[in-house]
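Chemist: Just need the structure, nothing else, for what follows:
(one chain, ligands or ions: 1)
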Amino acid sequence: MIRLIIMSDIVPFYHNRIEYGADYNPEQWSPHTQRKDIELMAQAGVSLVSLGIFSWDRLEPKPDHYSFKELIETMDILHEHSIRVDLATATASPPAWMATLFPDTLPVDKHGQQMSFGSRQQYSPSSQTFRKRTAQLVTHLARAVKDHPALCLWHVSNEYGCHVWESFDEESIAAFQAWLRSRYTTIDNLNNAWTTDFWSQRYNDFSQITAPAHQPTFVNPAQLMDWRRFCSDALLECYLHEKRILRTHTPTVPVTTNFMELFPWINYWSWAPHLDVLSEDSYPDPADAHSGMRAALSADLQRSLAGKKPWLLMEQVTKAVQWRTYNSPKRPGQFALWSLSRVARGARGILQFQWRQSQGGAETFHSGMVPHDMSASSWKDSCELGRTLQNLSSLAHPQLRPSPIAIILDWDNIWAAEALIGPSQWDHSQAVKRWYKTFFEAGYGVDFVRSSDNLDTYRVVIAPQLALLDSQCCERLEQAARRGAEVIVSAPAGIANRNCQAYLDGYTGPLKDALGVRVVEHWAATPHLDEPWLGDETTHPLVDRISSAVATPSFHEKTELVTDSNSPLARAARQALQCEQLPALQGNHWAEVVSIDADDVHILAVFAATGPTTDIAGSPALTRRRIRKGALWYCATDPQPVLRAIIAKLACTYAGCYTASAHLPRGVELIERDDARFYLNHSDSAQEILGVVGHDLISSTQCSGHLVIPPRSSAVIIPGNSQ
Ligand code: GLA
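Modeler: Numbering: from 1, shown residues only. Below you'll find the model as predicted:
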């Protein structure tokens, strides 16, 4: 009998608390340590653990011999102690017998080298044997635990694509051919889309197509784009394959898999609708000054992927990871501070990798909540955060405010950075991160949107480096501007369609009419020479009569822009930066020659007669065109931080977007939800904020107008005179 599952059949995962816990890998420890673990979990306030992520060899020690006794006993004990279980399907790390008995499951790298056993995630996403073996394991597992009261969430596999996002084995190539056949139907359609008439690449049949593995030189850009799309879909198929089985046996249990921040190899927009609970793992590097921002970006991304709904931080580290070359610890306070930054952005649970730090194996020196030595700060910090999250239980049902600002994030454009060959180094995901940083630093929240989304509710929209642009996205951008948004399109934009075929008659492609700006020529600067032709020898005017007479203005890192000292841009600069002197307005190593095709395009800045734009000095660099209630901007360079901040300031002013953070002390971030105000002090000094009246849930004190927040810590205020 076929049973239809409707969303309301699924048991709600979130309870009236903010979940707290970790990956729990008890296989590594003796029964005595496991008993101790349960006591310690109670002390730390653990409410949820992810169990069995790497336990395939325990659950199926030999092919078709299943053993769930230990697992169920662990679940029983956890349940007795009111700890819920996010149960992994354990398929992330196939056991040794898989590699020896079924070597066809092993992935093959770009160079044709088959990977071997001894690490983890060694499976080819398209291996039918692997799919069959996972189906069997998941079926037996689901049957064994389906009525267990601790089971509250399924955790399918682990970090899909983290280590192996593509495999070049024969089955994968056959699957790629089948995927192409269903996308293009006929080989002629594919030949047209891939422009195979160039370099004699025409195919007669889908069976001739291979994966873009090891080739003499550049691979066909459209082929590489399709390979990336296929690889993301192949992994999604692995997830859905397991999810279908789980739905059959446990129709009411929600299902998740853990995303990894802004992971480049998987199109999370296409995955997100298939997750009942959205979850992510996030590991900002404490040695990087941008890490507070990275935690925020990643959280806003998950909130956006979840449809502006709550989500779960499935993994972070208490102190330090072990997998970077250098693994610095979080500074005192940052573990809690960055956790609250996630809670403020809708996280309904904070979990760590892992509960108890391993004694051996690849992750021995990765911190755990329970450290090797109990007097290490991880344990104290873990208990403290557990208490803090309990104090925040009243915020367990977040009322998140929609942001007025949106940044378009598009995986095709991430992949295009690799697929398009020249004319410069672009990076859509870097551009996305950088624009996010601009708004984060200025105190604005940001939503991420896909290029096909309706943008009507936004007041400022950023389209960063959308080199590949389709007409649907252009319509969305234009419509948003008509409805009143300031839409900032930053170069390169619309140089090609989604098959990497250049737009003729203007690189702003389908957006050129609305922008009133047509890009006619690319003007790339060269920050580093690939191969200096004479090594490190430079020209010497005394002897190099010819070579020293020619300048190379394009050999430069930055472009420079000029604006009138009274222009709106200059005024915004003075306001944004609170300085009288206009700072240098610079872009990264990219410029374009544009033609202005409409009378009402306002030129806000032009390129300077220096560096790479020496030969196009005076050419428009930043434009704005009013369209009904809003405007479309075009920035013909990749703006550096100061220029971005000024553009953002001016756009927000035109759009009437203001932020309450503007007057906060340096280092303090304010996130306003309808139910609370999160003040996060990222700085190294205590900060004082006047005018705050309300109850601080963290310190359980009443604040009557004068809030002092210690370094790297937070206050969560429920506004009002009394609790
Ligand atoms: C990932 C994995 C975990 C663990 C952590 C370490 O997030 O999912 O199993 O390896 O990295 O940081």
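
Chemist: For the stretch 501-650 of the chain, which segments count as helices?
Modeler: Assigned by DSSP state H, counting those that start in this stretch, the helices in the stretch 501-650 of the chain fall at 512-515, 568-577, 641-655.

Chemist: mind listing what's buried in stretch 314-330?
Modeler: Buried positions in stretch 314-330, judged by neighbour count with 16 or more other Cβ atoms under 10 Å: 314, 315, 316, 317, 318, 319, 320, 321, 327, 329, 330. C-beta here means a position set from N, CA and C on the backbone, and glycine is covered the same way.

Chemist: Ok, stretch 639-649 next?
Modeler: 639, 640, 642, 643, 644, 645, 646, 647, 648, 649.

Chemist: Over to stretch 383-397?
Modeler: Buried, per 16+ other Cβ under 10 Å, within stretch 383-397: 384, 385, 386, 388, 389, 392, 395, 396.

Chemist: And stretch 353-367, by the same measure?
Modeler: 353, 354, 355, 356, 357, 358, 363, 366, 367.

Chemist: Next: stretch 212-222.
Modeler: 212, 219, 220, 221, 222.

Chemist: who touches that stretch?
Modeler: Outside stretch 212-222, the residues that touch it by Cβ atoms under 8 Å, 6 or more residues apart in numbering are 110-112, 168, 193-196, 199, 201, 223-224, 227, 416, 419-421, 499-501.

Chemist: again, but for stretch 171-180
Modeler: 104, 108, 124-128, 166, 190, 206-207, 209-211, 226-227, 230, 233-234.

Chemist: try 6 Å
Modeler: Applying Cβ atoms under 6 Å, 6 or more residues apart in numbering, the external contacts of stretch 171-180 come out as 124, 126, 127, 206, 209, 210, 211, 230.

Chemist: Same check on stretch 116-134?
Modeler: Residues contacting stretch 116-134 (Cβ under 6 Å, 6+ apart): 91, 93-94, 96, 99, 102, 104-107, 115, 163-164, 167, 169, 171-172, 175, 234-235, 238, 241.

Chemist: Now, of the contacts of stretch 212-222, which are buried?
Modeler: Using 16+ other Cβ under 10 Å, the buried members of the contacts of stretch 212-222 are 168, 193-196, 223-224, 227, 416, 419-420, 499-500.

Chemist: Produce a ChimeraX select command limited to the buried residues of the contacts of stretch 171-180.
Modeler: If you want just the buried ones from the contacts of stretch 171-180 in ChimeraX, going by 16+ other Cβ under 10 Å, the selection is:
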select :124,126,127,206,209,211,230
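
Chemist: and which of the contacts of stretch 171-180 is nearest the ligand?
Modeler: residue 124 (19.5 Å; Cβ to the nearest ligand atom).

Chemist: So what's the residue count around the closest residue to that closest one other than its chain neighbours?
Modeler: Distance criterion Cβ to Cβ, 6 or more residues apart in numbering; nearest residue to residue 124, sequence neighbours excluded, is residue 167 at 4.0 Å. Applying other Cβ atoms under 10 Å, we find 26 residues neighbouring residue 167.

Chemist: and what of residue 547?
Modeler: If we define neighbours as other Cβ under 10 Å, then residue 547 has 13 of them.

Chemist: That one reaches residue 539, doesn't it?
Modeler: Yes. Counting by Cβ atoms under 6 Å, residue 547 does reach residue 539; the two are 4.6 Å apart.

Chemist: Endpoint to endpoint, stretch 113-128 covers what distance?
Modeler: 20 Å (Cα to Cα, to the nearest Å).

Chemist: In that stretch, which of the residues would be classed as buried?
Modeler: Under 16+ other Cβ under 10 Å, the buried positions of stretch 113-128 are 114, 115, 117, 120, 121, 122, 123, 124, 125, 126, 127.

Chemist: check which helix or strand covers the fifth one.
Modeler: Using DSSP states H and E, residue 121 sits in no helix or strand.

Chemist: Can you report phi and psi for residue 291?
Modeler: phi -70, psi -30 (degrees, to the nearest 10).

Chemist: ok, the residue nearest to residue 124 - contacts?
Modeler: Counted by Cβ under 6 Å, 6+ apart, residue 167 has contacts 107, 108, 124.

Chemist: need the helix or strand of the chain with the lowest average pLDDT.
Modeler: Within the chain, no helix or strand scores below helix 568-577, which has a mean of 91 by mean pLDDT, DSSP states H and E.

Chemist: Quick check: residues of the protein near the ligand?
Modeler: 158, 159, 281, 283, 315, 317, 321, 353, 363, 366 (Cβ under 6 Å from any ligand atom).

Chemist: Got phi/psi on the closest residue to the last one other than its chain neighbours?
Modeler: Distances taken as Cβ to Cβ, 6+ apart place residue 322 nearest to residue 366, at 4.2 Å, with adjacent residues excluded. When read as degrees, to the nearest 10, the backbone of residue 322 gives phi -120, psi -10.
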